[in-house]
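Enquirer: how would this look folded up:
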Amino acid sequence: MGQRRSFSYIYNVQRIILLIFYTTTAIALSIPLARLVSVLFTGSLFPLVISLVLYMVAVVVIGSFIHVVSYIPFNLSSAFDPIKNDIASGNIRNLEQLGRRICQFTTAFFDFSFVDIEYAAIQIEDSPLILKEEVPELKEVLVEYGMMERSSQLEQIIRAGRITLHENNYQLYILPLWFGEHHLGYMALVSRNRISRFFQKFLMEYENNFLDDQIMVVKQMYKPEPGA
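Expert: Below is the predicted model of the structure:
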């Protein structure tokens, strides 16, 4: 625990330094920008106000992007720890329990402006389709298109298209679950907005570094004995 706290402290210091550096740089760049606009539009205040407003919007958007990129890697690991602990302690004893926890965790953690997962479903071999909450429309689509079999032909996350849930439009993504060459199943991820390829890679890292091995652990720990 001491080593983890030490790493957490160092990581947080790094993020604070990054935040301070970004903020001071943004403020410093605003000064020559204001002077340039003032020279180009002498005697007119409107262009200066518009330029500074647009600059502030750009600073906020870029700052949000940096926040998400720096936040996810470390915090994903620490946030996922309770699931690993429950597997190790025996509180999670089957794939259905694990699938439900993964869906709950995924929608709770990936709640950012650039990657916002509002609904999640998972189907692992030898287990039924599991949803975080009952969403009949999503279940019907996944079953109708035989997503379990289709996902076995995928190597990375894909956008499957638009889907209407509760009279709202969403984007549906299919994340295949693989352990080496063994196809484990898939996750269906529903987002209100499109997820860029950059953040789709975060989701693939999530599958590769957190999901596949824990699924295999549960499968192996509670595999029925021969003849049982």
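Enquirer: use CA for all of it now, contacts and neighbours both
Expert: Fine.
Enquirer: And this protein, split by domain according to the record?
Expert: Domain ranges of the chain: 2-75, 94-221, per automatic domain parsing.
Enquirer: what's the longest strand in the chain?
Expert: When the chain is parsed with DSSP state E, its longest strand is strand 168-179.
Enquirer: before we move on, back to that, dump the domains of the chain to CSV, plus distance to K84, mean neighbour count and mean pLDDT.
Expert: Listed next are those as CSV, based on distance: least, CA to CA, whole Å; neighbours: other CA atoms under 10 Å; pLDDT from 0 to 100:
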stretch, distance to K84, mean neighbour count, mean pLDDT
domain 2-75, 14, 13, 82
domain 94-221, 7, 17, 92
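Enquirer: Tell me which of those domains approaches P82 most closely.
Expert: Among these, the nearest to P82 by CA to CA is domain 94-221 (10.0 Å).
Enquirer: okay but L48 is in contact with S38, surely?
Expert: Yes: when contacts are counted by CA atoms under 8 Å, L48 is listed as touching S38 (6.5 Å).
Enquirer: Can you add distance to D81 and give the domains of the chain back as a markdown table?
Expert: Formatted as a markdown table, the domains of the chain follow (distance: least, CA to CA, whole Å):
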| stretch | distance to D81 |
| --- | --- |
| domain 2-75 | 10 |
| domain 94-221 | 10 |
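Enquirer: Ok, which of those domains comes nearest N85?
Expert: domain 94-221 (10.7 Å).
Enquirer: gap between the two ends of the closest one?
Expert: Its start and end residues considered, domain 94-221 measures 9 Å (CA to CA, to the nearest Å).
Enquirer: The longest strand of the chain pairs with which strands?
Expert: With DSSP bridges as the test, strand 168-179 is paired with strand 158-165 (antiparallel), strand 182-191 (antiparallel).
Enquirer: Past the longest one, which element shows up next along the chain?
Expert: Right, the one you point to is strand 182-191. Using DSSP states H and E, the helix or strand that follows strand 182-191 in sequence is helix 197-206.
Enquirer: from the chain's centre, how far out does that following helix sit?
Expert: The chain centroid and the centroid of helix 197-206 are separated by 7 Å under CA atoms, centre = their mean, to the nearest Å.
Enquirer: Provide a list of residues in contact with the residue of the chain positioned farthest from its centre.
Expert: Of all residues in the chain, G43 has its C-alpha farthest from the mean position, at 48.1 Å, by CA atoms, centre = their mean. For G43, the contact set (CA atoms under 8 Å, 6 or more residues apart in numbering) is empty.
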